[in-house]
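> Structure of the sequence below:
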Amino acid sequence: MIFPFVWSVTASFKTSRQIYGGNPLDLIPNPATLNNYRKALSVLPFHRFLLNSLMLASIVPIASITLASMAAYSFARLQFKGRDFIFMLLLGVMMLPGHVTLIPRYALVRKLGWINKYTALIIPPIFGAGLVFNIFFMRQHFLSIPRELEEAALIDGCSSWGVWRNIIMPNSKPAIATLAIIGFKTEWNSFLWPNVVINDFLKMPIQVGLTYLQTNVQSSWDILMAATTLSIIPLIVIFMCFQRYFMAGILTTGLGGR
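Residues are numbered from 1 along each chain as shown. Prediction:
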């Protein structure tokens with residue numbers, strides 16, 4: 001399972017002759033070269049693709065997690081009419097494939113004049129199916145937090161807003177880190193929606209940019225592997241930084257009662 005990823009990284013340091021000649025499964029570049037990375041960065045504005053993806057993978061998860069945590073707190077702790085029914089409707093949205101809403105979303109974005117703008121890459125993903133999943137995930141985590149902490153804060157005069165900000169969120173770091181990793185990965189690997197709404201070369205995210213790079217370099221696998229390696233480095237760094245919280249969030253979320 002790991003071998004293709006390892007091969008792609010090592011192939012990014014090989015020349016075309018090493019990849020196509022001799023044993024193609026050899027993992028050791030001889031000699032190693034950095035020319036592939038220089039070519040990948042010079043053929044297209046690859047740095048701009050990386051910056052665009054980094055911006056989207058930061059803004060969208062942060063906004064989505066913030067909104068989802070507020071809604072999840074309402075479903076987990078507050079009492080209001082139709083709460084459970086509304087929550088079941090939200091869960092039903094998760095069953096809809098994303099491709100079903102692709103055309104309506106495009107029509108709405110086009111009507112709003114957002115085509116070929118960053119707004120089209122930010123607003124729809126924030127309020128997409130990922131938001132519903134975040135609400136469900138955060139709600140299950142909030143149910144595992146002892147009510148006594150909130151009751152003590154309310155007795156001391158803290159408002160519901162203060163409980164969410166000072167009690168719930170600080171005790172939800174594992175869940176937040178888990179959703180941050182999932183959201184970052186989702187936005188970083190997003191291809192279909194950006195490919196539909198963005199035509200400006202300088203506004204394309206990394207995955208769309210890789211397809212254009214493949215068209216330009218054609219069968220130069222050494223350059224393609226260098227570009228692919230650059231595209232997966234941020235994902236590895238994010239996961240390694242938040243791995244401890246990610247595992248804790250997966251293990252503890254959903255253990256609370258109704």
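
> make it CA atoms for all contacts and neighbour counts henceforth
OK.

> quick one: what helix or strand has Pro61 in it?
Under the criterion of DSSP states H and E, Pro61 resides in helix 46-77.

> for the record, mean pLDDT for that helix?
In this model, helix 46-77 has an average pLDDT of 93.

> Give me the helices and strands touching that helix, please.
Packed against helix 46-77 by the contact rule (3 or more Cα pairs under 8 Å, 6 or more residues apart in numbering; DSSP states H and E) you find helix 83-93, helix 118-126, helix 129-143, helix 173-188, helix 206-217.

> OK, contacts around Val132?
Going by Cα atoms under 8 Å, 6 or more residues apart in numbering, Val132 touches Ala68, Leu90, Leu91, Val93, Met94.

> most surrounded residue in these?
Each of those was scored for neighbours by other Cα atoms under 10 Å, and Ala68 scores highest at 24 neighbours.

> Could you report the neighbour count for the nearest residue to that one once chain neighbours are set aside?
Sequence neighbours aside, Ile135 is the residue nearest to Ala68 in space, at 4.6 Å (criterion: Cα to Cα, 6 or more residues apart in numbering). Ile135 is flanked by 27 other residues according to other Cα under 10 Å.

> Might one say that Ile135 is in contact with Ser74?
No: look at Ile135 against Ser74 with Cα atoms under 8 Å: they stay out of range, at 9.9 Å.

> And the closest residue to Glu187 other than its chain neighbours, how far from Asn36?
Closest residue in space to Glu187, ignoring its immediate chain neighbours: Ala57 at 5.0 Å, by Cα to Cα, 6+ apart. Separation of Ala57 from Asn36 (Cα to Cα, to the nearest Å) stands at 26 Å.

> any weak-confidence spans in the stretch 101-250 of the chain?
217-219, 245-250 (pLDDT under 70).

> got the phi/psi numbers for Ser190?
Phi and psi for Ser190, reported as degrees, to the nearest 10, are phi -60, psi 130.

> need the contact list for it.
For Ser190, the contact set (Cα under 8 Å, 6+ apart) comprises Pro205, Gln207.

> Quick check: it vs Phe136, distance?
In terms of Cα to Cα, Ser190 sits 22 Å off from Phe136.

> is it possible to export the contacts of Val132 to TSV including distance to Leu41?
Compiled in TSV, those are given as follows (distance: Cα to Cα, whole Å):
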residue	distance to Leu41
Ala68	37
Leu90	43
Leu91	43
Val93	41
Met94	39
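
> ok, those residues vs Leu143, which is closest?
Of all the contacts of Val132, Leu143 sits closest to Ala68, with 14.5 Å by Cα to Cα.
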